[in-house]
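Asker: Attaching a predicted model along with its sequence, questions to come.
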Amino acid sequence: MEAQKVDMFIMSNGKYFESYQINGIRERLIALDDSKWAMISTVQLKDPTISLIVSILAGSLGIDRFLIGDIGLGIGKLITCGGLGIWAIIDWFLIMGATREKNMQKIQQLLY
Amino acid sequence: MARNKLYLLLFTACTAGYFWLFFTYYRVVTLAREPGVCLIKRVTGIPCPSCGSTRSVLSVLNGDLAGALYWNPLGFIIVIVLLVSPFWILYDVLSHRNTLFNFYNQTELFLKRKWIAIPAILLVLLNWIWNIYKGL
């Protein structure tokens, strides 16, 4: 793919990934065939800031984990009052990273 | 999520759950105080959907199933998870298998279906309304 296209993608979607992953994604995208561009550019990624807001407001109910697709962990949080409140607070700090990991998994399915 | 991470998390959660149960049992029996650390209840005064599940689990341990159902039906799920998962993890770790991990992934896929997810969310909401009505 053209470097210009890839850089545009990285610029608009960089915040959805961990910083150390961005270089790998860029190289992979440049090596990728042009026919995949439509799928890559329209993939739905979750915003880490949104999940942080949800985590602060409704973390004790596990809604943040449900939102990023961790259904099992969401149920775990829901039926334990957010892990007696401790897990809910820990997740305020983990949820942004977890969201970025989920985004990486999603885009990896298209890249490889 | 990776297999080992899930097992570690589940095992830690179970251990913490057992400690919490012993601690609460001691408090209820010897100090005659009601349990309660729920963040939502402390902040807003309104019980959350899983408030009362400690009392529910303690009722099951005392053989009082009707009481457990009254305090919180979610307590039954917690009892099953607490009883089954340590043995299942032990079996998987000792025999180098992924049976629990596969089961977890299958359950997640199952619960993501719309006709399962929507009734489940409604049930949890109903349980919440019941909790507020009971004034736990």
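Answerer: That came through fine. From a predicted model like this one, the values you see are computed outputs, not experimental measurements.
Asker: Tell me where the longest helix sits in chain B.
Answerer: When chain B is scanned for its longest helix (criterion: DSSP state H), the result is helix B:3-26.
Asker: My understanding was that residue A:102 contacts residue A:65; is that so?
Answerer: No. Checked against Cβ atoms under 8 Å, the pair residue A:102 and residue A:65 is beyond contact range at 10.4 Å. Any C-beta I mention is one placed from the backbone N, CA and C, and that applies to glycine too.
Asker: Which residues of chain B lie near chain A?
Answerer: When proximity is defined as Cβ under 8 Å from any Cβ of the partner chain, chain B approaches chain A at B:1, B:6, B:9, B:13, B:16-17, B:20, B:37-40, B:48-51, B:53, B:74, B:77-78, B:104, B:107-108, B:111-112, B:124.
Asker: Which of the residues you listed fall in helices?
Answerer: B:6, B:9, B:13, B:16-17, B:20, B:39-40, B:53, B:74, B:77-78, B:104, B:107-108, B:111, B:124.
Asker: Contact partners for residue B:92?
Answerer: By Cβ atoms under 8 Å, 6 or more residues apart in numbering or on different chains, residue B:92 lies in contact with B:7, B:98, B:99, B:100, B:101.
Asker: Just the pLDDT for the closest residue to residue A:46 other than its chain neighbours.
Answerer: Closest residue in space to residue A:46, ignoring its immediate chain neighbours: residue A:99 at 5.1 Å, by Cβ to Cβ, 6 or more residues apart in numbering or on different chains. For residue A:99, the pLDDT comes out at 91.
Asker: got the angle between the strand or helix carrying residue A:99 and helix B:3-26?
Answerer: Secondary-structure assignment from DSSP states H and E places residue A:99 in helix A:86-111. Angle, helix A:86-111 to helix B:3-26, by axes from the mean of the first three to the mean of the last three Cα atoms, to 10 degrees: 160 degrees.
Asker: what's the least confident helix or strand in the chain, going by average pLDDT?
Answerer: Reading this off chain A. Within chain A, no helix or strand scores below helix A:81-84, which has a mean of 79 by mean pLDDT, DSSP states H and E.
Asker: The intended chain is chain B.
Answerer: Counting by mean pLDDT, DSSP H and E, chain B has its least confident helix or strand at helix B:39-44, which shows a mean of 76.
Asker: Run through the residues that contact residue B:82.
Answerer: Residues near residue B:82 by Cβ under 8 Å, 6+ apart: B:14, B:17, B:18, B:57.
Asker: for the second one, what are its contacts?
Answerer: This points to residue B:17. Going by Cβ under 8 Å, 6+ apart, residue B:17 touches A:80, B:78, B:82.
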